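In: After the sequence you'll find the predicted model.
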There are 2 protein chains.
Amino acid sequence: MASGRDDIEALIALMGRLPGLGPRSARRAVLHMIAKRGALMTPLAQSMATVAAHARECARCGNISTQEMCDICTDPRRATGEICVVEDVADLWAMERGQFFKGRYHVLGGTLSALDSVGPEELGIPKLLDHIAADNVTEVILALNATVEGQTTAHYIAEALETRQISVTSLAQGVPIGGELDYLDDGTIQAALRARKAF
Amino acid sequence: MASGRDDIEALIALMGRLPGLGPRSARRAVLHMIAKRGALMTPLAQSMATVAAHARECARCGNISTQEMCDICTDPRRATGEICVVEDVADLWAMERGQFFKGRYHVLGGTLSALDSVGPEELGIPKLLDHIAADNVTEVILALNATVEGQTTAHYIAEALETRQISVTSLAQGVPIGGELDYLDDGTIQAALRARKAF
């Protein structure tokens, strides 16, 4: 017979495996859920089961969805001919938060990495090129992270697209809005100076 | 038709209602779960549903359990005649973590509070007195928080037990193990000084 405490301990252990929750905050979260069984815990369990059963990668762009193709790929208003290439779904969500980008995405799911033997095949670069060819794309925006791996991947993709009639751009680098020079690293200040504009 | 993004957005919104998770960490947790659908998300959803369906207060002590009576109340080895009175289940778990207490508990679920109109009836003090009478209790340990409400409640319970042949104790107050005087508040240092012992 499973004892009452075991069920709750098992739930705390599972919750503690989520990023950002340690053993202590997992306990707090479980106590809070139990106190709000009807209003929070039951809907949360159901929502989690639904997403676990149906979540998959969008067949076209790699975004996470519970459908065969994600909302962005199936939205005809977003067929603008612009594709924004991002490393992972969190980056896609970051771009979507402000609702300023009206095109579509392609989620690589990582970066090229010789150390981890992630080559162009493993990263699905051929799939990206197919996506670009199929979607009548005129501009590819490389929104990869400003890390060595991110920039290596960006250069590789730019080279692969060189022979096609597609404009390849990347996000501007510079001083963040609201940023104070004193708190910025030297590389950012240097990049901002190099890309200075007429005032 | 529910869209794919809505399901995931709904899950993020529910996760964000847990204590310790903001909108940003809820998104991270959901992405992590989706990446580990089989190993983490499905078991978590099942465990949550089980606990949501079966979690209840132990009929005797108020601890949380998925059984009619909790593991501690049904363990014959813990019938030591000692009852430790705590404010809530988190405090019970804190006491249990070190496994030094061998008796049983009584969870009040709060403190007396004139402001919130929580009187002895609402707090279940009569139930505590029944519990004490039924369990052949010889010692009641008041492990209530060292706050005004906690101490008011402790005094009320101590008075209610005055006429019975039961020893009523409370946790010692003083310098925490590993604590540095410089970082302690004045009240704690004063209490530790007042309760000083022969070295």
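Out: Happy to help now that I have it. Residues are numbered from 1 along each chain as shown, chains lettered A, B, ... in the order given.
In: ok, so what distance separates the spatially closest residue to A:Glu82 that is not a sequence neighbour from chain B?
Out: Nearest non-adjacent residue to A:Glu82, counting by C-beta to C-beta, 6 or more residues apart in numbering or on different chains: A:Gly103, 3.1 Å away. (C-beta placed from N, C-alpha, C; glycine too.) A:Gly103 is 17 Å from chain B, where distance means C-beta to the nearest C-beta, to the nearest Å.
In: Then A:Arg17?
Out: Computed as C-beta to the nearest C-beta, the A:Arg17 to chain B distance reads 6 Å.
In: In contact with that residue, which residues?
Out: Neighbouring residues of A:Arg17 by C-beta atoms under 8 Å, 6 or more residues apart in numbering or on different chains: B:Leu40.
In: cutoff 10 Å now
Out: With contacts taken as C-beta atoms under 10 Å, 6 or more residues apart in numbering or on different chains, A:Arg17 has the following neighbours: A:26, B:29, B:32-33, B:36, B:39-40, B:43-44.
In: tell me the secondary structure for it?
Out: The three-state assignment at A:Arg17 reads coil, by DSSP: H, G, I helix; E, B strand; the rest coil.
In: Now do the helix or strand of chain A with the lowest mean pLDDT: distance to the chain's middle.
Out: Least confident helix or strand, chain A: helix A:186-194 with a mean of 85, by mean pLDDT, DSSP states H and E. Distance of helix A:186-194 from the chain centroid (C-alpha atoms, centre = their mean, to the nearest Å) equals 26 Å.
In: go on, stretch A:62-72?
Out: Offset of stretch A:62-72 from its chain centre (C-alpha atoms, centre = their mean): 13 Å.
In: And stretch A:94-102, by the same measure?
Out: How far stretch A:94-102 lies from its chain's middle: 12 Å, per C-alpha atoms, centre = their mean.
In: now stretch A:164-179
Out: Averaging C-alpha positions (C-alpha atoms, centre = their mean) puts stretch A:164-179 17 Å from its chain's average.
In: is it up against chain B anywhere?
Out: No - counting by C-beta under 10 Å from any C-beta of the partner chain, no contacts exist between stretch A:164-179 and chain B, the nearest distance being 16.9 Å.
In: Break down chain A into its helices, ranges please.
Out: Ranges of helices in chain A, per DSSP state H, are A:4-15, A:23-35, A:42-54, A:71-74, A:89-97, A:125-134, A:148-160, A:186-194.
In: from the contacts of A:Arg17, which two are the most distant?
Out: Within the contacts of A:Arg17, A:Ala26 and B:Ala39 form the most distant pair, 16.8 Å apart (C-beta to C-beta).
In: Those two: who's more crowded?
Out: Neighbours were counted for A:Ala26 and for B:Ala39 using other C-beta atoms under 10 Å in any protein chain shown; A:Ala26 has more, 20 against 11.
In: hang on, that one packs against B:Ala29?
Out: No - between A:Ala26 and B:Ala29 there is no contact, the gap being 11.2 Å when judged by C-beta atoms under 10 Å.
In: if we can go back for a sec, could you measure the residue nearest to A:Glu82 against B:Gly103, distance?
Out: 66 Å (C-beta to C-beta, to the nearest Å).
In: before we move on, what about A:Thr111?
Out: For A:Thr111, the distance to B:Gly103 - C-beta to C-beta - is 57 Å.
In: And for A:Leu184?
Out: 59 Å.
In: quick revisit: between A:Ala26 and B:Ala29, what contacts are shared?
Out: The overlap between the contact sets of A:Ala26 and B:Ala29 (C-beta under 10 Å, 6+ apart) consists of A:15, A:17-18, B:18.
In: For A:Cys73, state which of those residues is nearest.
Out: Using C-beta to C-beta, A:Leu18 is the member of those that lies nearest A:Cys73, at 28.4 Å.
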